[in-house]
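Enquirer: Just the structure for this:
(4 chains)
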2 protein chains.
Amino acid sequence: MHVTIRDVARLAGVSVATVSRVLNASAPVREATRDRVLEVARDLRFSPNGAARSLSRQRAGALGVILPDIYGEFFSELLRGIDQEAQRANHSLLVSSSHHDSRGIGAAVRAMRGRVDGLMVMAPDVSAPMLADVLPRGVPTVLLNGPAVAGDAFALTVDNYGGAIAMIRHLVAIGHVRIGFIAGAERNHDASERQRGYRDGLRNAGLPYDAALDVRGDFTEAGGWRGTRELIAVASPPSAIFAANDAMAVGALSALREAGITVPAGIAVVGFDDIPVARFLNPPLTSVRVGIATFGERAAALLLAALAERSPPGGTPRRDVLPAVVIVRDSCGARVDAPSHRTPRSGHPERSRLDRSSWSSTPGGMRI
Amino acid sequence: MHVTIRDVARLAGVSVATVSRVLNASAPVREATRDRVLEVARDLRFSPNGAARSLSRQRAGALGVILPDIYGEFFSELLRGIDQEAQRANHSLLVSSSHHDSRGIGAAVRAMRGRVDGLMVMAPDVSAPMLADVLPRGVPTVLLNGPAVAGDAFALTVDNYGGAIAMIRHLVAIGHVRIGFIAGAERNHDASERQRGYRDGLRNAGLPYDAALDVRGDFTEAGGWRGTRELIAVASPPSAIFAANDAMAVGALSALREAGITVPAGIAVVGFDDIPVARFLNPPLTSVRVGIATFGERAAALLLAALAERSPPGGTPRRDVLPAVVIVRDSCGARVDAPSHRTPRSGHPERSRLDRSSWSSTPGGMRI
DNA sequence: TCGCCCCATGTAAACGTTTTCATGACGACG
DNA sequence: CGTCGTCATGAAAACGTTTACATGGGGCGA
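Expert: Below you'll find the predicted structure:
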């Protein structure tokens, strides 16, 4: 049915070995022969069978990506970064999402065995031992934002805790003393780290912790909407709402608008992630930038590096943390008095330099 | 290095054939034997090599997805739909993006040969003949939103033209007579269809066409921002801006806010696609819903169906068009007088029923 | 008791590449 | 003129599955 390397070999009057050598430029072939082979291959529109190739070489030229979900701009950005880096190294991407429990992840991992050279796994709501149990031991793996896991897996995380601390510091600095928090999904690692940062941030500032202001969310716009309704129904509502991610902040803005509360004059709103759309919201959203696409790129690069050096990769670190930086826009109220700073005179905000007034999660703003 | 089926066979004291039969339940095996095999397989954490399996069966159990880009919520939603349907049929997804020209698409297609059973290709800015040239003839293919292409490929498109017509009809119905348009990327099929709808829509309504109100965009927020600056600088600016997609509408809202123009009182804004975040914007965005995730699902389902029946699929249509429906929210000004309709009494807007006041792209609102 | 059939299992040939090793031919050098 | 490299090529063995076919043993009917 399909045209194979034998067909090409037969028509070109050479052996399959020669065809392979021509197509991969893996060994010198006489020019006349090469031209003949190439012509036949082109005429037949031959392209080698990837499965056979993977089997023969012992590598697939593909990376596996396992995600809990693909909803919203966060994952889109993450995939974009991963894809970009993978493509640079001529690797394909095998993507599988909607895996929340270890059983599902295990199944996805098994399905990828032999078709990928390495794995990137984001499993924020699976515990470390459960995860370690289903991860393959032969395949290099990078864990994204999950709990640290023993074994040979790399771990790449965002400084969730530091970012949240920095955001609270910023809110306190501009005068807020009653700060509400909409947490992420339960049992989610990122969620709990950001929540920990929120609580410790309050303590650092000497502010009291009020459980009524610390509500549960789920990282969706709808969750942020509900959380906001909850927060504004409190006897003495907060003057600022810190949503554990931008999607929820979007929901918060929506809920406040419906309730007739202006932002930031009535209540300030800030988020986390700095998804691309954040700067285009009304008002533009103050958020914690984690560089999602960069995060994906880094993950892919790390995996590719591990793949390059055969055995236990020596130089590359086993664990890496990306910095998180507060990006100040209008939604927190810090800049409403000086709007002239914000609007670029010409061109577009996307193109303008990064806002200068940013708080780093660490003193120097560098990697931790 | 890796544990293979031979290892399992050896330790279980059976032949590789028996192991295969046990793992695939492809033939009856004595219970005692099966248990032994399963135990050994579990102990060894054996999982079959996908490449070898693909090669042996003549199918890969994977679908290829080729996209022009992965930026923004549109692609995220599309992938989500595709993944959902693929997963239902136990298929993996091989994703490759950032392919704008036919050369890049050709390379991606070749890289997927033998690793996927079918292809979904979105190439809105590649001409039909160019595309037909690089598409493989052996592999079932579904074209997403591209120009119709001769050959054995399916084509699934959104009713871009009808949706744009319907949107203009709506804007005219609520009193707008000067309607600006921010077009999509040049040479992009969706973009030109939507633009055609805009122009014909004006003509249908007996409104004059003003080239100054028909500006070029690029489907990004930044492009919408720039286009809006252009439109409000016109001598007599439009009272409504129709962005060719929601991302640009977001940019438009941002630009108008910066210019101190309220929406919809000052200028109305509407979009196209109805990405999930649209209902959460300030103000909530009136848009043309195309059901992006559903679109992806349909595409995957179509491909899987073609895969199921061997030769030329008889029952399934060669070409299919998804309806586009106008979803009215606040940004167009149609509902500002009756905000009570909008806010659900309890729960969340996401959960509320579809807005009732919707205009279909076709009289019955059904598939064309 | 014999022959037949079915059932469980093993053997080996695919699947389409890559790659090692072998084999010529040919030129150079002594 | 013989020998040794070098170079282009071919033959065949991997790679790890699945599956068609072969085989043996046992139960059962006549």
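
Enquirer: residues near the closest residue to A:Ala249 other than its chain neighbours, how many?
Expert: Nearest residue to A:Ala249, sequence neighbours excluded (CB to CB, 6 or more residues apart in numbering or on different chains): A:Gly271, at 3.2 Å. C-beta here means a position set from N, CA and C on the backbone, and glycine is covered the same way. Close neighbours of A:Gly271, defined as other CB atoms under 10 Å in any protein chain shown, add up to 30.

Enquirer: Residue in the stretch 101-250 of chain A with the shortest distance to DNA strand C?
Expert: Closest residue of the stretch 101-250 of chain A to DNA strand C, CB to the nearest atom of the strand: A:Gly114 (12.2 Å).

Enquirer: gap between A:Leu171 and A:Leu253?
Expert: Computed as CB to CB, to the nearest Å, the A:Leu171 to A:Leu253 distance reads 16 Å.

Enquirer: ditto for A:Val116
Expert: Relative to A:Leu253, A:Val116 is positioned 40 Å away (CB to CB).

Enquirer: where do the helices sit along the stretch 1-150 of chain A?
Expert: A:5-12, A:16-24, A:31-43, A:50-56, A:73-88, A:102-112, A:128-134 (DSSP state H, counting those that start in this stretch).

Enquirer: residues in contact with A:Ile182?
Expert: Contacts for A:Ile182 (CB atoms under 8 Å, 6 or more residues apart in numbering or on different chains) come out as A:215-217, A:223-224, A:227-228, A:231, A:241-244, A:248, A:252.

Enquirer: Could you tell me the phi and psi values at it?
Expert: With angles defined as degrees, to the nearest 10, A:Ile182 sits at phi -110, psi 110.

Enquirer: what does the one 3 residues further on give?
Expert: Note on A:Ala185: backbone dihedrals following degrees, to the nearest 10 are phi -60, psi 150.

Enquirer: picking up where we left off before, tell me which of the helices of the stretch 1-150 of chain A sits most buried.
Expert: Among the helices of the stretch 1-150 of chain A, helix A:73-88 has the highest mean neighbour count (mean count of other CB atoms under 10 Å in any protein chain shown), at a mean of 23.

Enquirer: Run the contact check for that helix versus chain B.
Expert: Yes - with CB under 8 Å from any CB of the partner chain as the criterion, chain B is reached by helix A:73-88 at A:73, A:75-76, A:79-80, A:83-84, A:87.

Enquirer: Report the contact partners of A:Arg45.
Expert: Residues near A:Arg45 by CB under 8 Å, 6+ apart: A:3, B:136-137.

Enquirer: for A:Met120, same thing?
Expert: For A:Met120, the contact set (CB under 8 Å, 6+ apart) comprises A:63-66, A:82, A:141-142, A:144, A:299-300, A:303.

Enquirer: residues near A:Ala240, how many?
Expert: For A:Ala240, the neighbour count with other CB under 10 Å is 28.

Enquirer: Roughly how far does it sit from DNA strand D?
Expert: Counting by CB to the nearest atom of the strand, to the nearest Å, the gap from A:Ala240 to DNA strand D is 56 Å.

Enquirer: Would you confirm that A:Ile82 contacts A:Glu297?
Expert: Yes - counting by CB atoms under 8 Å, A:Ile82 touches A:Glu297, with 7.0 Å between them.

Enquirer: Common neighbours of the two, please.
Expert: Counting by CB under 8 Å, 6+ apart, nothing touches both A:Ile82 and A:Glu297.

Enquirer: circling back to that earlier point, now rank the contacts of A:Met120 by neighbours and give me the top one.
Expert: Neighbour max across the contacts of A:Met120 (other CB under 10 Å) = A:Val65, 32 neighbours.

Enquirer: how about the residues of the stretch 51-200 of chain A near DNA strand C?
Expert: A:52-53, A:55-57 (CB under 7 Å from any atom of the strand).

Enquirer: can we see that at 10 Å?
Expert: A:51-59 (CB under 10 Å from any atom of the strand).

Enquirer: Give me the angle between the helix or strand where A:Ala247 lies and helix A:73-88.
Expert: Element membership for A:Ala247 (DSSP states H and E) is helix A:246-258. Using axes from the mean of the first three to the mean of the last three CA atoms, to 10 degrees, the inter-axis angle of helix A:246-258 relative to helix A:73-88 is 150 degrees.

Enquirer: check whether the very next helix or strand once past helix A:246-258 contacts chain B.
Expert: Using DSSP H and E, the helix or strand that follows helix A:246-258 in sequence is strand A:268-270. No - using CB under 8 Å from any CB, we find that strand A:268-270 stays clear of chain B, coming within 11.0 Å at best.

Enquirer: Show me the shaky parts of chain A.
Expert: A:1, A:149-151, A:310-317, A:335-368 (pLDDT under 70).

Enquirer: cutoff 80 now
Expert: A:1, A:145-152, A:309-318, A:335-368 (pLDDT under 80).

Enquirer: what ranges do the strands span in it?
Expert: Ranges of strands within chain A are A:62-66, A:92-96, A:118-122, A:141-144, A:154-158, A:179-182, A:214-215, A:240-243, A:268-270, A:287-289, A:319-322, A:325-327, A:358-360, based on DSSP state E.

Enquirer: Which one, of those strands, ends up nearest to B:Asn282?
Expert: With CB to CB as the measure, strand A:268-270 is the member of the strands of chain A nearest B:Asn282 (11.0 Å).

Enquirer: ok, back up a step: in JSON lines: the contacts of A:Arg45, plus neighbour count.
Expert: Listed next are those as JSON lines, based on neighbours: other CB atoms under 10 Å in any protein chain shown:
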{"residue": "A:Val3", "neighbour count": "17"}
{"residue": "B:Pro136", "neighbour count": "16"}
{"residue": "B:Arg137", "neighbour count": "12"}
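
Enquirer: Quickly note the distance from the closest residue to A:Ser76 other than its chain neighbours to B:Val328.
Expert: In this structure, A:Ser76 finds its nearest non-sequential neighbour in B:Ser76, 3.6 Å apart by CB to CB, 6+ apart. As defined by CB to CB, B:Ser76 lies at a distance of 24 Å from B:Val328.

Enquirer: ditto for A:Val328
Expert: Here A:Val328 is placed at a distance of 35 Å from B:Val328 (CB to CB).

Enquirer: For the helix holding A:Ala247, list the C-alpha coordinates in CSV.
Expert: Once non-C-alpha atoms are left out, helix A:246-258 reads as follows in CSV (Å, rounded to 0.1, in the frame of the first residue of the first chain):
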residue,chain,number,x,y,z
ASP,A,246,-5.2,35.3,36.3
ALA,A,247,-8.2,33.3,35.1
MET,A,248,-9.8,33.7,38.5
ALA,A,249,-8.8,37.4,38.5
VAL,A,250,-10.7,37.8,35.3
GLY,A,251,-13.7,36.2,37.0
ALA,A,252,-13.3,38.6,39.9
LEU,A,253,-13.3,41.6,37.6
SER,A,254,-16.4,40.3,36.0
ALA,A,255,-18.2,39.7,39.3
LEU,A,256,-17.2,43.2,40.7
ARG,A,257,-18.5,44.9,37.6
GLU,A,258,-21.8,43.1,37.9
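
Enquirer: And it, how far out from the chain middle?
Expert: The chain centroid and the centroid of helix A:246-258 are separated by 22 Å, computed with CA atoms, centre = their mean, to the nearest Å.

Enquirer: how long is stretch A:202-215 from one end to the other?
Expert: End-to-end distance of stretch A:202-215: 15 Å, with CA to CA, to the nearest Å as the criterion.

Enquirer: ok, and what's touching that stretch?
Expert: So stretch A:202-215 is contacted by A:165, A:168-169, A:172, A:177-183, A:195, A:198-199, A:227, A:230-231, A:234-235, A:238 (CB under 8 Å, 6+ apart).
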